[in-house]
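Novice: have a look at this prediction, sequence included:
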Amino acid sequence: MKAAPESLPSDLACAHAMILAERAARVEAEAIAARAQAVNSSTEALIVHLKLEIEKLRRELYGSRSERKARLLEQMELQLEDLEAAATEDELAAEKAAALTQTVKSFQRKRPSRKPFPEHLPRERIVIAAPESCPCCGSGKLSKLGEDITESLEVIPRQWKVIQTVREKFSCRECEKITQPPAPFHVTPRGFAGPNLLAMILFEKFGQHQPLNRQSERYRREGIDLSVSTL
């Protein structure tokens, strides 16, 4: 005996409601799948990160510094970077899919596309000059009604600078003794890197998992030659 086919709506309104319900179920299923993929990618990145930390601790405990171990650590760092990038992309895809699942009664509605920028960020105001006369009649008697403001996010490129610490020498006219202020404290003896540069290098390596060779290449593109051995 054949199964009876599913009953179809008899009017157009019911058909529209059925289509909207099926579409909502499909979007919700896609959002759940995207979220699961994001969780899976984050878990894989965490596993590789923990393996990398364990291997580093083993090297510190047992002093194993063979070339093969060094290559293995570098490969694990590169793999971790790829997995973290994939996890970030999957997380963004999951958020985008979840943004489509907010429903209102029988239809779906997208959430606001963009949140306002943080208030603590400085604002640079650029005013486009208004016309001096009316484009319709040519009159110069214009009064301001208001203004429309459009905000766009911008970044200031990193700037390098050299700080010159000057210690003046003085000679006594009476006893001819030379005096000079002592040199300021430096984190690394006879080092040339300032505290901010040292903090950035350490954060990039241990906080952002950027190997020293990649940092050296990026600095070279910015006009600063810092070899891996120097770092």
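Specialist: Good, I have the coordinates.
Novice: just give me the neighbour total for residue 83.
Specialist: 19 (other C-beta atoms under 10 Å). C-betas here are computed from N, CA, C, even on glycine.
Novice: list the contacts for it?
Specialist: Neighbouring residues of residue 83 by C-beta atoms under 8 Å, 6 or more residues apart in numbering: 41, 44-45, 48.
Novice: only the buried subset of these, as a ChimeraX command please.
Specialist: Here is the ChimeraX command that selects only those of the contacts of residue 83 that count as buried (16 or more other C-beta atoms under 10 Å):
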select :41,44,45,48
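Novice: looking at the contacts of residue 83, which is nearest residue 142?
Specialist: Nearest to residue 142, judged by C-beta to C-beta, of those is residue 41 at 56.6 Å.
Novice: secondary structure element for that closest one?
Specialist: Using DSSP states H and E, residue 41 falls within helix 12-62.
Novice: roughly how far out does that helix sit from the chain middle?
Specialist: Offset of helix 12-62 from its chain centre (C-alpha atoms, centre = their mean, to the nearest Å): 20 Å.
Novice: can you give me the buried ones in stretch 201-221?
Specialist: 201, 204-205, 209-212, 214-216, 219.
Novice: state the mean pLDDT of stretch 193-208.
Specialist: Mean pLDDT, computed over stretch 193-208, is 88.
Novice: can I get the CA coordinates of it in PDB?
Specialist: The C-alpha coordinates for stretch 193-208 follow below in PDB (Å, rounded to 0.1, in the frame of the first residue of the first chain):
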ATOM      1  CA  ALA A 193      65.900  47.900  21.700                       C
ATOM      2  CA  GLY A 194      63.600  50.100  23.700                       C
ATOM      3  CA  PRO A 195      61.100  48.600  26.300                       C
ATOM      4  CA  ASN A 196      58.100  49.100  23.900                       C
ATOM      5  CA  LEU A 197      59.900  47.200  21.100                       C
ATOM      6  CA  LEU A 198      60.900  44.400  23.400                       C
ATOM      7  CA  ALA A 199      57.300  44.100  24.700                       C
ATOM      8  CA  MET A 200      56.000  44.000  21.200                       C
ATOM      9  CA  ILE A 201      58.400  41.200  20.100                       C
ATOM     10  CA  LEU A 202      57.500  39.100  23.100                       C
ATOM     11  CA  PHE A 203      53.800  39.700  22.700                       C
ATOM     12  CA  GLU A 204      53.900  38.800  19.000                       C
ATOM     13  CA  LYS A 205      55.800  35.600  19.700                       C
ATOM     14  CA  PHE A 206      54.000  34.300  22.800                       C
ATOM     15  CA  GLY A 207      50.700  36.100  22.600                       C
ATOM     16  CA  GLN A 208      50.100  36.000  18.800                       C
END
